[in-house]
Structure formats: structure tokens, C-alpha cells
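Undergrad: Structural data only, the sequence is not supplied:
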């Protein structure tokens, strides 16, 4: 079987897999505010992720939609994975060395 036949079959499978899709639902993240104790869902655009050299310098942040306070929370490996996979903008912090 030629390479073009394999590629053509793959392209057809991908095209048919997504046939009829009109859009992808936006990813929403559940969050809570430690100040006002509000609970809400935020889009990826409402969150920022900073990845530092250690777990102490890796965090995500957002502004509480209920009270307007800036919130900063630590982000472990799993949180980093979920946020980056969901399209949250990431800032990589460099160490001072």
C-alpha cells in the first residue's frame, strides 16, 4: 500500500470523526475565593498560571468575579497539567541563577 493511500485513509477517518461538529464547548474550571467564599466556574482566559523552579513558586491566579479580589493559589503537578491542557496562559518563571 502506498504512503498516499495510508495518508488519504487517515485524513478521511479524521474528517469523518469530526463531521457534523459545530464547535467545541469551552473548558471551564471550578474555583473558589478564600476571601468571600464564593464558588464559580472560570474560563481559561480568566486564569493565569506561573510555573517556577519549585512547587513554592508555581501557582495559578484569577480575580474573583464575586468580590473582585486577586486570588493566588499553589499549583501542583496535576493542576499544572489540567490548566495547561485546558488552554490557560502560562508564564514560565526563571530562577535567578
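TA: Yes, it's here. A quick note: this is a predicted structure, and the numbers were derived from the prediction, not measured. Residues are numbered from 1 along each chain as shown.
Undergrad: Could you measure from residue 31 over to residue 38?
TA: 9 Å (C-beta to C-beta, to the nearest Å). (Each C-beta comes from the backbone N, C-alpha and C, glycine too.)
Undergrad: higher neighbour count, the two?
TA: residue 31 (18 against 15; other C-beta atoms under 10 Å).
Undergrad: Nearest residue to that one in space, please, no chain neighbours.
TA: residue 42 (5.3 Å; C-beta to C-beta, 6 or more residues apart in numbering).
Undergrad: and that neighbour, bridged to which residues?
TA: Beta-bridge partners for residue 42, by DSSP bridges, are residue 29.
Undergrad: who's in contact with it?
TA: The contact partners of residue 42, by C-beta atoms under 8 Å, 6 or more residues apart in numbering, come to 28-29, 31, 62, 65.
Undergrad: what about 7 Å?
TA: 28-29, 31, 62 (C-beta atoms under 7 Å, 6 or more residues apart in numbering).
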